[in-house]
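Trainee: This is a predicted model, with the sequence first.
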Amino acid sequence: MALAASGFLTIDTAQLEHRLIGPQPSDAPCIVLLHEGLGSVGLWGDFPDKLQAATGASVFAYSRAGYGASSPVTLPRPLDYMQREARDVLPKLLDAIGFQRGLLVGHSDGASIAAIYAGGRADHRLDGVVLIAPHVIVEDVSVASIAAIKTTYETTELRTKLGRWHKDVDNAFYGWNGAWLDPAFRAWDITGDLAYVRVPVAVIQGIDDQYGTIRQVEIIQEECYCPVEVTMLPKTGHSPHREAPDATLQVIAEFAAATLPAPASRT
């Protein structure tokens, strides 16, 4: 059955909202977008449309459970929520959309999920992964920034602003924020997954990222036994696709051109 341009997919007991731009994933190479810890389908803005135009590929974005218009989750989230998404949800979702060949493009939490999936499954359909502002360990700067945004959320208009993008904004915010601020989360570490990644990797990192340092990138370079291309973007923080969209789009489009199989037509 063909996927609609927008709608919901049932994965286990969750209804996950999605958006599809371009061909069906069963008919063309597909780029699957995995959003950040406070992201959703809507928060990608027009980036998916520009990515589809630049690559000719199918572009598929979805909101994980607890985000956007998708089903809420029970709080607190388990501290291995990213591993669970990569190992339990994402494989079913790729099968459900008819994914045949393509890339995972993840931002922040989504990048971590993409790395876990690539390292944990020998998926012959996967041609590469793009990691935007990835986390592979927990750093002091990450915890400090996430603690600060909790105060901002509770004392400013941030909650109202995020409410534009999430049906249950508290579920989205506290699910993410509560996990990262749990003292036990300091032990979270996915470096072990990186050694098993067997597809090309592109890393896009803002030099001024307030949620992670260059150490995240260095670990990926040290642990992966696959080609790793790194792009450091000046005057860019944690969201390169919003803060430096043209440069981010160019990196992904060039990576797609080098890794995706024909017949994707590219401009």
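Mentor: Received it, and whenever you're ready, just let me know what you need.

Trainee: Just the helices from the stretch 151-267 of the chain, written as ranges.
Mentor: For the stretch 151-267 of the chain, the helices defined by DSSP state H, counting those that start in this stretch occupy 158-162, 169-181, 191-194, 214-223, 240-243, 245-259.

Trainee: So, low pLDDT: which residues of this structure?
Mentor: Within the chain, the ranges that satisfy pLDDT under 70 run 263-267.

Trainee: Throw the helices of the stretch 151-267 of the chain into a markdown table and include mean neighbour count, thanks.
Mentor: Glycine gets a C-beta too; all of them are placed from N, C-alpha and C. Below are the helices of the stretch 151-267 of the chain laid out as a markdown table (neighbours: other Cβ atoms under 10 Å):
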| stretch | mean neighbour count |
| --- | --- |
| helix 158-162 | 14 |
| helix 169-181 | 20 |
| helix 191-194 | 18 |
| helix 214-223 | 16 |
| helix 240-243 | 20 |
| helix 245-259 | 18 |
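
Trainee: and residue 99, which of those helices is closest to it?
Mentor: For residue 99, the closest of these is helix 245-259, at 15.0 Å, according to Cβ to Cβ.

Trainee: Output the contacting helices and strands for that closest one.
Mentor: Contact here means 3 or more Cβ pairs under 8 Å, 6 or more residues apart in numbering; DSSP states H and E; on that basis helix 245-259 packs against helix 47-55, strand 102-107, strand 126-132, strand 201-206, strand 228-233, helix 240-243.

Trainee: Of those, flag the one that's most buried.
Mentor: Of those, the one with the most neighbours on average (mean count of other Cβ atoms under 10 Å) is strand 102-107, at a mean of 28.

Trainee: which residues sit against that one?
Mentor: With contact meaning Cβ atoms under 8 Å, 6 or more residues apart in numbering, strand 102-107 is reached by 25, 29-36, 39, 51, 57-58, 112-115, 117-118, 125-134, 239, 241, 252, 255-256, 259-260.

Trainee: just to revisit the earlier point, go through the helices of the stretch 151-267 of the chain and name the closest to residue 207.
Mentor: Among the helices of the stretch 151-267 of the chain, helix 214-223 comes nearest to residue 207, with 8.0 Å by Cβ to Cβ.

Trainee: what's the closest of the helices of the stretch 151-267 of the chain to residue 3?
Mentor: Ranking the helices of the stretch 151-267 of the chain by distance to residue 3, with Cβ to Cβ as the measure, places helix 245-259 first at 20.1 Å.

Trainee: Can you check what angle separates the closest one from strand 126-132?
Mentor: With axes from the mean of the first three to the mean of the last three Cα atoms, to 10 degrees defining the directions, helix 245-259 sits at 160 degrees from strand 126-132.

Trainee: quick one: helix 245-259 to chain centroid distance?
Mentor: On the basis of Cα atoms, centre = their mean, to the nearest Å, helix 245-259 is displaced by 16 Å from the centre of the chain it belongs to.

Trainee: what about dumping the CA coordinates of it to PDB?
Mentor: Below are the C-alpha coordinates for helix 245-259, written out as PDB (Å, rounded to 0.1, in the frame of the first residue of the first chain):
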ATOM      1  CA  PRO A 245      21.000  25.200   6.200                       C
ATOM      2  CA  ASP A 246      22.800  25.800   2.900                       C
ATOM      3  CA  ALA A 247      26.100  24.400   4.100                       C
ATOM      4  CA  THR A 248      24.300  21.400   5.900                       C
ATOM      5  CA  LEU A 249      22.300  20.700   2.800                       C
ATOM      6  CA  GLN A 250      25.400  20.700   0.600                       C
ATOM      7  CA  VAL A 251      27.200  18.200   2.800                       C
ATOM      8  CA  ILE A 252      24.200  15.800   2.800                       C
ATOM      9  CA  ALA A 253      23.600  16.200  -0.900                       C
ATOM     10  CA  GLU A 254      27.200  15.500  -1.800                       C
ATOM     11  CA  PHE A 255      27.200  12.500   0.600                       C
ATOM     12  CA  ALA A 256      24.000  11.200  -0.900                       C
ATOM     13  CA  ALA A 257      25.500  11.600  -4.400                       C
ATOM     14  CA  ALA A 258      28.500   9.500  -3.400                       C
ATOM     15  CA  THR A 259      26.700   6.800  -1.500                       C
END
